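>>> fold the following for me, if possible:
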Amino acid sequence: AGADNVTSVITNEFNFSNAANVDKIKWVAGSYAFRQRLPINQIVGTGADAAGFDPTAPNQVLNFSDGTNSGIAFYGQITLPLAEKIEVTGGLRYDFENREVINRTDFVQGNNDAINIVPEQKRSADFSAFSPKMSISWLAAENLNAYLIYSRGYRIGGINSYIEPEFESYDHETSDNFELGLKGRINSNFDFAFSAFYIDRKNIQTQVFEPVTSGISFITLSNGDGRNIGLEADFDYLITKGLQLSGNIGLLNAQYTALQIPDFVAGGNQTLADNTVILAPPVTSILSLNYQSAINTGSIDLIIDFTA
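Prediction:
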């Protein structure tokens, strides 16, 4: 493992689509590839004043990690008219990714030479997934559109460091998303949208701490399932030229339907099903007033936001 902490990424994407407004059938296809180097090297130490509770003080624990991620994806989508006011869309994406990490841990006491306490280890794992998408939209009126969407979301898995083989890697997370919505415009100056959604989540990635020789290790597990149910509404109202009022409100019920967290101290597992998913507030809202005025050298923007 190297001694730097400089991350580098190389990406490449090809995208093909038919010409807009030429055919009622719309399609897009392409590919995406990347390679990322992610070194993470850390030093954790205690000073001489810690000798009362750490007989090895002063000391330093040197964690060296060098990760490489590379992947490729192929995708395609097509939209077809079923009737004069109805369109259906179908799409598919395939992702493949390889993750590799090399790490080791050294220990330095005082001015002594470094001692290796965790030998250099090389771990790698492959992840792949198909992600479909299907939707149908209906132009109910000139400025009113209703839609129904199904899509599958995908979150890549990964590799943990400095842990037992049982938790060496964690699987990718998936979500099956269903959304029913309505979008429209009134009097050319008021846009609105309403939607209801249901999300079925599998292999939810959860971060926990595990005690290790050098202290604690931050690891990720993919051992939970859950579901999200919610409603969302937003609007944009052009009050007058340059002055716009916007708002959004969301209601969410997000719970784990299955979740077991290992108890690394007492042994066994803690069952946490039916708990609320973290970082998922039941109510979110924002109200924004935006004023824009043109001047000789550009424009002036004044934005006032209220968030809850």
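>>> contacting residues around stretch 153-173?
The list of residues contacting stretch 153-173 from outside it, by CB atoms under 8 Å, 6 or more residues apart in numbering, reads 63, 65, 67, 71, 93, 95, 97, 99-101, 103, 105, 118, 123-125, 127, 129, 131, 174-177, 201-205, 210, 212, 214, 217, 219-222, 262. C-beta coordinates here come from the backbone N, C-alpha and C atoms, glycine included.
>>> can we see that at 6 Å?
Contact partners of stretch 153-173, identified using CB atoms under 6 Å, 6 or more residues apart in numbering, comprise 97, 99, 101, 103, 123, 125, 127, 129, 131, 174-175, 203-205, 210, 212, 217, 219-222.
>>> can I have the buried ones of those residues as a PyMOL selection?
Those of the contacts of stretch 153-173 that count as buried under 16 or more other CB atoms under 10 Å are selected in PyMOL with:
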select buried, resi 97+99+101+103+123+125+127+129+131+174+175+203+204+205+210+212+217+219+221+222
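>>> so which of the contacts of stretch 153-173 belong to strands?
97, 99, 101, 103, 123, 125, 127, 129, 131, 174-175, 203-205, 210, 212, 217, 219-222 (DSSP state E).
>>> any weak-confidence spans in the stretch 101-250 of the chain?
162-164, 210-217 (pLDDT under 70).
>>> what do you get if the cut-off is 90, keeping everything else the same?
Applying pLDDT under 90 to the stretch 101-250 of the chain flags residues 103-104, 110-112, 117-123, 159-169, 188, 207-219, 223, 241-242.
>>> helices along the stretch 101-250 of the chain, start to end?
Listed in chain order, the helices found in the stretch 101-250 of the chain under DSSP state H, counting those that start in this stretch amount to none.
>>> strands along that one, start to end?
When secondary structure is read from DSSP state E, counting those that start in this stretch, the stretch 101-250 of the chain shows strands at 115-141, 144-155, 158-159, 169-170, 173-186, 190-212, 215-240, 243-262.
>>> export those strands to CSV and tack on distance to Val277?
Rendered in CSV, the data for those read as follows (distance: least, CB to CB, whole Å):
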stretch, distance to Val277
strand 115-141, 21
strand 144-155, 14
strand 158-159, 20
strand 169-170, 17
strand 173-186, 12
strand 190-212, 8
strand 215-240, 6
strand 243-262, 4
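>>> so which of these gets nearest Gly76?
Counting by CB to CB, Gly76 lies closest to strand 115-141 out of the strands of the stretch 101-250 of the chain; the figure is 10.3 Å.
>>> ok now the closest one, how far from the chain's centre?
10 Å (CA atoms, centre = their mean, to the nearest Å).
>>> ditto for stretch 269-277
So, by CA atoms, centre = their mean, the centroid of stretch 269-277 is 21 Å from its chain's centroid.
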